[in-house]
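Colleague: Quick one: sequence and predicted model below, then my questions.
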2 protein chains.
Amino acid sequence: MAQNTSSSCSSLAVNCGKVEEVETHDYHGIDQDLLKEVVYDSLVWSSLHGLVVGDKSVQRSGKVPGVGLVHCPFSLLPTPFPESHWTQACELTPIFSELVDRVSLDGKFLQESLSRTKKADSFTSRLLDIHSKMLEINKKEEIRLGLHRSDYMLDEQTKLLLQIELNTISSSFPGLSSLVNELHRSLLNQYGEDLGLDPKRIPSNTAGSHFVEAFAKAWTEYNNPRAVVMFVVQAEERNMYDQHWLSAVLKERYPFYVYDTPMFIRKTLAEIDAEGELLPDGTLLVGGKAIAVVYFRAGYTPNDYPSESEWRARLLTEQSSAIKCPSISYHLAGTKKIQQELAKPNVLERFLDNKDDIAKLRKCFAGLWSLDDSDIIKNAIEKPELFVMKPQREGGGNNIYGVDVRETLLRLQKEGTDGNGAYILMQRIFPTVFPTFLIRDGICHKDYAISELGIYGAYLRNKDKVIMNDQCGFLMRTKISSSDEGGVAAGFGVLDSIYLT
Amino acid sequence: MAQNTSSSCSSLAVNCGKVEEVETHDYHGIDQDLLKEVVYDSLVWSSLHGLVVGDKSVQRSGKVPGVGLVHCPFSLLPTPFPESHWTQACELTPIFSELVDRVSLDGKFLQESLSRTKKADSFTSRLLDIHSKMLEINKKEEIRLGLHRSDYMLDEQTKLLLQIELNTISSSFPGLSSLVNELHRSLLNQYGEDLGLDPKRIPSNTAGSHFVEAFAKAWTEYNNPRAVVMFVVQAEERNMYDQHWLSAVLKERYPFYVYDTPMFIRKTLAEIDAEGELLPDGTLLVGGKAIAVVYFRAGYTPNDYPSESEWRARLLTEQSSAIKCPSISYHLAGTKKIQQELAKPNVLERFLDNKDDIAKLRKCFAGLWSLDDSDIIKNAIEKPELFVMKPQREGGGNNIYGVDVRETLLRLQKEGTDGNGAYILMQRIFPTVFPTFLIRDGICHKDYAISELGIYGAYLRNKDKVIMNDQCGFLMRTKISSSDEGGVAAGFGVLDSIYLT
């Protein structure tokens, strides 16, 4: 429901063959003086409330906190999003978390589905090696913690909410996305009347505090009062404040000291290799401290493993009784190849019983294909603009669009089939384009943009007991629509929140 | 009272001829691993909680909020300070505020006392011109708002709390000093036990919220519901976040909109000249908005008046019925020459009746002399190390110490007496030197330092009714003792808070 205000305008939109008049919030119609004021206030708010990142132009900004700070790039106003699709995305969250858990228990399915990827992608291959070792020693993870983020786009033409990917490791921005949400609410509290926007239509976002609650509950389940929560971090990280928000809330809400031990530590994989040891009972000690929960904010990309040291740390962690967020099985369950396997007919049915749940998941699946499917390959070479080619690697920004899809497919055909396992093909989604203001480096850019909505899910179980399975916040990311030929907001974008319509 | 803990050590101190054993907090004895942790956490805290300034190495950092941010330089731990002297300084605050008010009403005293300064200092001369004009038109300020800060040092040898200066305009750091106070409390809540420090011994600092309360109460007295609070700011200001904290609290605590008008605006003197007008009834309009309160965070230094435009703005403001913080009389009452005049025998008695109050003020006066006093001049040329020469200019960093005192006095003697009016001589204070850690630019410096304690006072009266006269927070500033020959923390230092002993 769009409000009829001075900042709304009518536009014509083609919707499934029908021409209908819809209302959209045309932010570009905002009075220039008012805009200037809102921009200034938003920058002040960000600086005072820690909505910051390390500035890439300052050398030490990824290593030393407090230096080379710059406001996190953000969208000035929340992007309109239909309430029905928002509700749909929220409802999907516990089902996806349950699915990941079930898939993680089927070691054979993971190994078989990823067997071709293993040949083509050395990173996935190393992860699968660790997974194999755990299968060999029959390692059981009785307490399982997942902090996932499922990302969606709203396809303009079909009005379908389609899943882009499911992140099961290092789901980023739980801290800063909560802050952007507060920023937007604060701006709308102050300027909402002038802008014709109601702050109540911004759904609340408590991702940060939910993550912390999940750590605390997992810590309780681990049941060693001397053990601590360990964040596994990169040695250099300009997005460190997103993580620091989590540790700040953890320290604030839960006792700083548990039997004279601070409850929280940060370590790199290299430090874990140097300081870590495994006790005979499975306890992981790092720097002499028992670890209850291992939260990975590193380890999701090959760049995080520059030497064997980091792989040893990952293996050591996996072998231990510490609660891994994620375990190697959860990590693998979030790969794009598994996403594509799950989209095949009758595969969801192997893991879930509830037919409604299965139907709900399937409704949000975009077209997903392996490169074994010769009909689809032919199709994609003819109409590459309708496809995205996704490599197995995490971290975004590696997707292939447009004529590059055609060229890559032709190259792979020439080279033989071994390389096929490194990619999947996905239906290209064309989301709605909105007028927006993006704030980067203190400068306001008036442009047209597309958005991607991520929903965080927190899942914790101990044996048969599900302790948490919640939708626990969201991440809206927005980017200039012309900046990426593919139209898919892979990579960073700017942080945003949503305005329910 | 110093606590007997592992981080305290005994040292020998010479006190008025007696040698006695005292306990001091030797922060330099802190365990290195613990120190590293505290430093890291302090930098994270600063970044998340807006304890930031503009980085001078980033060009736009004084103009655009949100870019080129760096943590505000601070002392890692609060500096020990005797509780008795703390109480003394707090008790002095309302007396000094009352004194400023009384002095401001005696236009003749201000003009006469500053008549020689007028000849030697063109800036004071321009201020006096505005003051004269107000005397001529018999301008009355019925509602008077003062947000002062009286700065003190504790003289090591005499154990006397001595006043350095009284700031009646642009008393800086009400926002950031409150934050450093919170930072120290947060660190001691977490690490206090390991450090042997009790967070309860840090007095609370609510300068920021008290300033805002003063604005709100003054606004109420002005009694024009459509009028707003105006911050007069420099066009470029790297310490802008100190001011933004005040406006953020103002917006949070008081309605954003008063009859559809935002309650708060920021303007430079040049903007006030361009957009300002005076209504026949004395109302000051800026950009069409009636102004209730003018809070000067600019206008205290000649640099803020690069052209006649800024002087016109200052005069326009003064002519209006808006509540000026400060009025021209309050501004002049805070000059160093007036400080020196008030220290003369029988001068305080002209303004105050209460003998106890007079005795309390006098007890904190350091030796202060004009350059007319030939005995003192002779003395200072012989023993320049016992004196500080202070020019009339505000802003710190202009003081003259050591052999430069001798040279300047000899030069002035040669040049004739006109230049004398630009300076006063002050007894040099030798404060206690403490082991400290100063954090600048993300780096921890272990050193010895001296501190200066400023106490904020908020004073508001309407005719005969005193509405506020409170001690309302404090600013501790600490600097490396060897960095300034004079031993007086003129200039910035780093922000600190105090640990009562």
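Modeller: Structure's in. What do you need?
Colleague: and the helix or strand containing residue A:369, what does it pack onto?
Modeller: Per DSSP states H and E, residue A:369 falls inside strand A:368-370. Here strand A:368-370 touches helix A:336-342, strand A:423-427, going by 3 or more C-beta pairs under 8 Å, 6 or more residues apart in numbering or on different chains; DSSP states H and E. The way it works is simple: take the backbone N, C-alpha and C, and place the C-beta from them, glycine included.
Colleague: Pull out the buried residues from the longest one.
Modeller: By neighbour count, with 16 or more other C-beta atoms under 10 Å in any protein chain shown as the criterion, the buried positions of helix A:336-342 are A:336-342.
Colleague: related to what we said a few turns ago, lowest average confidence across the helices and strands packed on strand A:368-370, which one?
Modeller: Of all these, mean pLDDT reaches its minimum on strand A:423-427 (a mean of 89).
Colleague: helix or strand right after that strand?
Modeller: strand A:434-440.
Colleague: Name the residues that touch that next one?
Modeller: Strand A:434-440 is contacted from outside by A:24-28, A:35, A:39, A:42-43, A:71, A:73-77, A:79-80, A:444-451, A:478-480, A:494, B:66, using C-beta atoms under 8 Å, 6 or more residues apart in numbering or on different chains.
Colleague: chain center to that strand: distance?
Modeller: 21 Å (C-alpha atoms, centre = their mean, to the nearest Å).
Colleague: how much does whichever helix or strand comes after that strand deviate in direction from strand A:434-440?
Modeller: Downstream of strand A:434-440, the next assigned helix or strand under DSSP H and E is strand A:443-462. Strand A:443-462 runs at 90 degrees relative to strand A:434-440, counting by axes from the mean of the first three to the mean of the last three C-alpha atoms, to 10 degrees.
Colleague: what lines up beside strand A:443-462 in the sheet?
Modeller: Its sheet considered, strand A:443-462 pairs with strand A:143-154 (antiparallel), strand A:434-440 (antiparallel), strand A:465-480 (antiparallel) by DSSP bridges.
Colleague: In chain A, where is pLDDT below threshold?
Modeller: A:1-24, A:255-262, A:393-397, A:417, A:482-492 (pLDDT under 70).
Colleague: Pop the domain breakdown of it in here.
Modeller: A:8-366+A:429-500, A:367-428 (automatic domain parsing).
Colleague: The closest residue to residue A:304 other than its chain neighbours in helix, strand or coil?
Modeller: Of all residues not flanking residue A:304 in the chain, residue A:298 sits nearest, at 4.8 Å (C-beta to C-beta, 6 or more residues apart in numbering or on different chains). What DSSP: H, G, I helix; E, B strand; the rest coil gives for residue A:298 is coil.
Colleague: need the contact list for residue A:298.
Modeller: Residue A:298 touches A:170, A:232-234, A:237, A:268-269, A:304, counting by C-beta under 8 Å, 6+ apart.
Colleague: Go ahead and confirm residue A:264 touches residue A:251.
Modeller: Yes. Between residue A:264 and residue A:251 there is a contact under C-beta atoms under 8 Å: 6.5 Å.
Colleague: can you list the residues of the stretch 1-150 of chain A near chain B?
Modeller: Those residues of the stretch 1-150 of chain A that sit near chain B, judged by C-beta under 8 Å from any C-beta of the partner chain, are A:40, A:43-50, A:52, A:55, A:60, A:64-71.
Colleague: So which of those residues are in helices?
Modeller: Members of the residues of the stretch 1-150 of chain A next to chain B lying in helices (criterion: DSSP state H): A:40, A:43-48.
Colleague: Neighbour-wise, which one of these leads?
Modeller: Tallying neighbours with other C-beta atoms under 10 Å in any protein chain shown puts residue A:46 at the head of those, with 27 neighbours.
Colleague: Verify the stated contact: that one with residue A:52.
Modeller: Yes. Contact status for residue A:46 versus residue A:52: in contact at 6.8 Å, counting by C-beta under 8 Å.
Colleague: what sits in contact with each of those two?
Modeller: A:71-72.
Colleague: if we can go back for a sec, which strands border the strand holding residue A:369, and is each parallel or antiparallel?
Modeller: strand A:423-427 (antiparallel).
Colleague: Please compute how far the strand it pairs with lies from its chain's middle.
Modeller: 19 Å.
Colleague: how near is the closest residue to chain B within the stretch 301-450 of chain A to residue B:95?
Modeller: With C-beta to the nearest C-beta as the measure, residue A:442 is the residue of the stretch 301-450 of chain A nearest to chain B, at 3.9 Å. Look at residue A:442 and residue B:95: by C-beta to C-beta, to the nearest Å, they are 45 Å apart.
Colleague: next one: residue A:120
Modeller: Distance from residue A:120 to residue B:95, by C-beta to C-beta: 81 Å.
Colleague: At which residues are the helices of the stretch 51-200 of chain A located?
Modeller: A:83-105, A:107-113, A:115-120, A:122-136, A:174-195 (DSSP state H, counting those that start in this stretch).
Colleague: Pick the most buried one from those.
Modeller: helix A:174-195 (a mean of 22; mean count of other C-beta atoms under 10 Å in any protein chain shown).
Colleague: Convert that one to CSV, retaining C-alpha atoms only.
Modeller: Coordinates of the C-alpha atoms in helix A:174-195 are reproduced here as CSV (Å, rounded to 0.1, in the frame of the first residue of the first chain):
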residue,chain,number,x,y,z
PRO,A,174,24.1,-8.2,11.3
GLY,A,175,25.5,-5.3,13.3
LEU,A,176,25.5,-2.5,10.7
SER,A,177,22.2,-3.5,9.1
SER,A,178,20.6,-3.0,12.5
LEU,A,179,22.2,0.4,12.6
VAL,A,180,21.0,1.5,9.2
ASN,A,181,17.5,0.5,10.2
GLU,A,182,17.8,2.8,13.3
LEU,A,183,19.2,5.6,11.1
HIS,A,184,16.2,5.4,8.7
ARG,A,185,13.8,5.3,11.6
SER,A,186,15.5,8.3,13.2
LEU,A,187,15.4,10.3,9.9
LEU,A,188,11.7,9.4,9.4
ASN,A,189,10.9,10.4,13.0
GLN,A,190,12.4,13.8,12.2
TYR,A,191,11.5,14.3,8.6
GLY,A,192,8.8,11.8,7.9
GLU,A,193,6.0,14.3,7.8
ASP,A,194,7.8,16.4,5.2
LEU,A,195,8.8,13.4,3.2
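Colleague: For the very next helix or strand once past it, buried residues please.
Modeller: Downstream of helix A:174-195, the first helix or strand assigned by DSSP H and E is helix A:207-222. Residues A:207-219, A:221-222 are the ones in helix A:207-222 that count as buried (16+ other C-beta under 10 Å).
Colleague: now stretch A:236-243
Modeller: Those would be A:237-243, for stretch A:236-243 by 16+ other C-beta under 10 Å.
Colleague: which ones among the residues you listed are found in strands?
Modeller: With DSSP state E as the criterion, strands contain none of the buried residues of stretch A:236-243.
Colleague: tell me the contacts of residue A:150?
Modeller: A:89, A:92-93, A:96, A:163, A:165-167, A:454-455, A:457.
Colleague: try 6 Å
Modeller: A:96, A:166, A:455 (C-beta atoms under 6 Å, 6 or more residues apart in numbering or on different chains).
Colleague: Residue A:330 is in contact with residue A:103, isn't it?
Modeller: No. Residue A:330 sits out of contact with residue A:103 when judged by C-beta atoms under 6 Å, with a separation of 8.8 Å.
Colleague: give me the number of residues near the residue of the stretch 301-450 of chain A closest to chain B?
Modeller: By other C-beta under 10 Å, neighbour count at residue A:442 equals 19.
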